[in-house]
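S.K.: Test case, fold it:
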Amino acid sequence: MKTKESKNDDTSIPPLLTCVSFTYDNGRSNALLVKTTGNSSSHSFPREYLFNCPESFSRVTMETYSRPRKGLSAIFAIGDDLNESLAGLCSLILRLSADGHEKCAVVGKRGVETVVER
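M.R.: Numbering: from 1, shown residues only. The predicted structure follows:
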């Protein structure tokens, strides 16, 4: 007996990316958290990428239930001022380490290592 395979419609396919945009402090602080969905054999958690980590980022994400998880792979500092782009990095690292997160890359323009090492 031959069976005809039904094609999946677009509504049954989960999105590949979820983007959460944070704008607070009267529009002066912006961050973008990109979350991938699905499970790959190379990692057990969906990958997450954070663009900018301004001051109070951890607090705002805790209040909105949209905080980064163990899958956070990299933080990109894309602003002109590294100190402003990464002002919330210390509190984020403390919170991630409390959740059992082991490592995360910080990517930015020249000089980002001096901000991270402080």
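
S.K.: I'd like the distance between the closest residue to S73 other than its chain neighbours and G88.
M.R.: Closest residue to S73 apart from its sequence neighbours, by Cβ to Cβ, 6 or more residues apart in numbering: R47 at 5.1 Å. C-beta: built from backbone N, CA, C; applies to glycine. Counting by Cβ to Cβ, to the nearest Å, the gap from R47 to G88 is 20 Å.

S.K.: Tell me which of those two has more neighbours.
M.R.: Shown here are R47 and G88; by other Cβ atoms under 10 Å, G88 has more neighbours (24 against 17).

S.K.: residues contacting the residue nearest to that one when sequence neighbours are not counted?
M.R.: The spatial neighbour of G88 that comes closest, neighbours along the chain excluded (Cβ to Cβ, 6+ apart), is F57 at 3.7 Å. Contacts for F57 were tallied using Cβ atoms under 8 Å, 6 or more residues apart in numbering; they are 22, 29, 31, 88, 91-92.

S.K.: And for E102, the neighbour number?
M.R.: Taking other Cβ under 10 Å as the neighbour definition, E102 ends up with a count of 7.

S.K.: Need phi/psi at it.
M.R.: For E102, the backbone dihedrals are phi -100, psi -40 (criterion: degrees, to the nearest 10).

S.K.: can I get the contacts of F57 in a markdown table with secondary structure and distance to G100?
M.R.: As requested, the contacts of F57 are exported to a markdown table (DSSP: H, G, I helix; E, B strand; the rest coil; distance: Cβ to Cβ, whole Å):
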| residue | secondary structure | distance to G100 |
| --- | --- | --- |
| F22 | strand | 23 |
| S29 | strand | 27 |
| A31 | strand | 22 |
| G88 | coil | 20 |
| S91 | helix | 17 |
| L92 | helix | 14 |
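
S.K.: Which one of these is nearest to F76?
M.R.: F76 has its nearest neighbour among the contacts of F57 in A31, at 10.3 Å by Cβ to Cβ.

S.K.: For the protein, which segments are assigned as strands?
M.R.: If DSSP state E is used as the criterion, the strands of the chain fall at 17-24, 29-36, 48-51, 72-76, 105-107.
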